[in-house]
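Peer 1: let's see this in three dimensions:
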Amino acid sequence: VVALLAVAQQDKALEVRSAVAASLEMLAVGSSPLGGVCVDGLRDMALHGATSSDRSCAASCLLRVAQHLDGPLAEVCETTLRAVAAGDTDAGLRAEVENLLSALESTRGVRSYWEWL
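Peer 2: So this is what the prediction gives:
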């Protein structure tokens, strides 16, 4: 995981950084004991990524992690998304993340309905 994070910070190709984010997402969702480290890496990418594309990719990954998990890791994902929506320098990304947060709320509503049944 540490090597993946180093690649995400240093590689110049967006495709590589996006692949790293997707790998961190899969590890976090896959009940890996390293899930917290993976979510932390995605959080750092979403908040401090070099480009808005990096931050967007990481935010999308955080959404999917939050949709699959409950508890503290899902809370970290949601808190990070809210921080990006409130404070990113790219207005388009802020709007995109607002849409991601709406999707997260919809997912929770559907999950609650199925649990109620």
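Peer 1: residue contacts, residue 57?
Peer 2: 17, 18, 21, 45, 49 (CB atoms under 8 Å, 6 or more residues apart in numbering). Where C-beta positions appear, they are placed from N, C-alpha and C, glycine not excepted.
Peer 1: now the residues you listed in a markdown table, please, with extra columns for secondary structure and neighbour count.
Peer 2: Output for the contacts of residue 57, formatted as a markdown table (DSSP: H, G, I helix; E, B strand; the rest coil; neighbours: other CB atoms under 10 Å):
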| residue | secondary structure | neighbour count |
| --- | --- | --- |
| 17 | helix | 23 |
| 18 | helix | 19 |
| 21 | helix | 26 |
| 45 | helix | 27 |
| 49 | coil | 23 |
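Peer 1: ok, the residue most central in space within the chain - contacts?
Peer 2: Centrality entry for the chain: nearest residue to the mean C-alpha point is residue 62, 1.7 Å, by CA atoms, centre = their mean. The contact partners of residue 62, by CB under 8 Å, 6+ apart, come to 25, 39, 42, 43, 46, 77, 80, 81.
Peer 1: what of residue 25?
Peer 2: Neighbours of residue 25 in contact, by CB under 8 Å, 6+ apart: 38, 42, 61, 62, 64, 65.
Peer 1: if we use 7 Å, what do you get?
Peer 2: 42, 61, 64, 65 (CB atoms under 7 Å, 6 or more residues apart in numbering).
Peer 1: next: residue 1.
Peer 2: By CB under 7 Å, 6+ apart, the contact list for residue 1 reads 27, 34, 37, 38.
Peer 1: same question for residue 85.
Peer 2: So residue 85 contacts 94, 97, 98, 101 (CB under 7 Å, 6+ apart).
Peer 1: how near is the closest residue to residue 90 other than its chain neighbours to residue 81?
Peer 2: Sequence neighbours aside, residue 52 is the residue nearest to residue 90 in space, at 4.1 Å (criterion: CB to CB, 6 or more residues apart in numbering). Separation of residue 52 from residue 81 (CB to CB, to the nearest Å): 15 Å.
Peer 1: who has more neighbours, these two?
Peer 2: Neighbour comparison, residue 52 and residue 81: the larger count goes to residue 81, with 23 against 17 (by other CB atoms under 10 Å).
Peer 1: lovely, talk soon.
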